[in-house]
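Engineer: sequence and predicted model, in that order:
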Amino acid sequence: MHLPQTRTRSTRFAPNRSTDRGDRVVREGETDALVVSALSVRFGGISALDGVSLTVRSGEICGLIGANGAGKTTLFDVISGVRVPDEGRVQLHGRDVTRASPQRRARAGLRRTFQRVQVFGWLSVEDNLLAATEWRGGGGGVLADLIASPTRRRREFDRRQRASAVLERCGLSSIADMPASGLPIGTSRLVELGRALVDEPSVLLLDEPASGLDAREAERFASLVRSTRDEFGTAVLLVEHDVGFVLANCDRVVVLHLGRVLAEGSPDEIRDDPAVREAYLGAASTS
Ligand SMILES: Nc1ncnc2c1ncn2[C@@H]1O[C@H](COP(=O)(O)OP(=O)(O)O)[C@@H](O)[C@H]1O
Ligand SMILES: [Mg+2]
């Protein structure tokens, strides 16, 4: 497989360029990064998802809201490859990945963060980012490892450069050598985001990223997501209970209700939608 020897950071995932990175092909003029079509998932008699379709375009931040039990986590699990749907399909950059492993989806540019932050507590902040970078090998197997071939050294240098740039971007450079355990929740979420950003994802799933953050931290997190989207053309799908955060930071919002898409539109349209207000916002504003 051909792997480019040099990469220009600013063009790697630009939606209007063509790049080839392992399984990941960003085509000329591509816009639909993530497409889910007619997804259904049943648990016994319960329809967790019932014919859900949605599209997230490159460079778009799409919010997903819905009351508890609406199907948000199930949808994330299906997109990230933890669960195979009963019906429907998932496409990343035009390729059907409905039955692909989470690892293959990662190679296609998909990254996610978790509602309960997942970092390696025993590793330093920097090593957390390095551990998240995709190791594409340099050929030559163990022998090349032992003698540290020039290709290996170049790739290792490249990984460290990327990790260092992301630490800087996330404001984590000064604590790069600290263990990731015991960091405040706001910082831990930034480390987890850094892990997701270090390979410059083309599709990013964020599971309740504002949970546990104060207003200033949430705004910082949101501005990092926006700048990532701006720079790399990342398609972002975020699930969030904090409706204000979603309406303030998303280009488009999808509302799930009892396993179906109840509404979809701009933040203003969603805010004013009577069905959404009745089914969700009204309830949310009183809770
Ligand atoms: N593993 C499971 N086994 C049985 N029912 C489940 C399972 N996971 C989710 N459900 C049910 O599917 C529906 C959607 O759940 P979920 O996707 O967790 O919703 P949300 O994340 O929006 O709160 C709920 O009725 C939930 O009880
Ligand atoms: Mg959930």
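Structural biologist: Thanks, I have it. Ligands and ions are numbered 1, 2, ... in the order given.
Engineer: check which helix or strand covers residue 166.
Structural biologist: Using DSSP states H and E, the element containing residue 166 is helix 150-169.
Engineer: in that helix, what's buried?
Structural biologist: Of the residues in helix 150-169, 152, 155, 159, 162-167, 169 count as buried by neighbour count, 16 or more other C-beta atoms under 10 Å. For every residue, glycine as well, the C-beta is placed using N, CA and C.
Engineer: off-centre distance for it?
Structural biologist: Distance, stretch centre to chain centre, for helix 150-169: 21 Å (C-alpha atoms, centre = their mean, to the nearest Å).
Engineer: and for stretch 198-216?
Structural biologist: Stretch 198-216 has its average C-alpha position 7 Å from the chain's average C-alpha position, going by C-alpha atoms, centre = their mean.
Engineer: re the thing from before, nearest to residue 210 among the buried residues of helix 150-169?
Structural biologist: residue 169 (18.9 Å; C-beta to C-beta).
Engineer: residue contacts, that closest one?
Structural biologist: Applying C-beta atoms under 8 Å, 6 or more residues apart in numbering, we find residue 169 in contact with 194, 197, 224, 227.
Engineer: give me the below-cutoff pLDDT ranges for the chain.
Structural biologist: Residue ranges of the chain with pLDDT under 70: 1-30, 134-148, 281-287.
Engineer: what parts of the stretch 1-150 of the chain come near ligand 1?
Structural biologist: With the criterion set to C-beta under 6 Å from any ligand atom, the stretch 1-150 of the chain comes near ligand 1 through 43, 46, 48, 66, 68-74.
Engineer: of those residues, which belong to helices?
Structural biologist: Among those, DSSP state H puts 72-74 in helices.
Engineer: are any of the residues you listed buried, and which?
Structural biologist: Buried subset of these (neighbour count, 16+ other C-beta under 10 Å): 72-74.
Engineer: state the distance from residue 60 to residue 235.
Structural biologist: Here the criterion is C-beta to C-beta, to the nearest Å. By it, residue 60 lies 6 Å from residue 235.
Engineer: same question, residue 209
Structural biologist: Residue 209 is 15 Å from residue 235, by C-beta to C-beta.
Engineer: the more surrounded of the two?
Structural biologist: residue 235 (29 against 26; other C-beta atoms under 10 Å).
Engineer: who's in contact with the closest residue to the more buried one other than its chain neighbours?
Structural biologist: If the residues on either side of it in the chain are set aside, residue 235 comes closest to residue 33, at 3.5 Å by C-beta to C-beta, 6 or more residues apart in numbering. If you count contacts by C-beta under 8 Å, 6+ apart, residue 33 has them with 15, 56-58, 92-93, 109, 202-203, 235.
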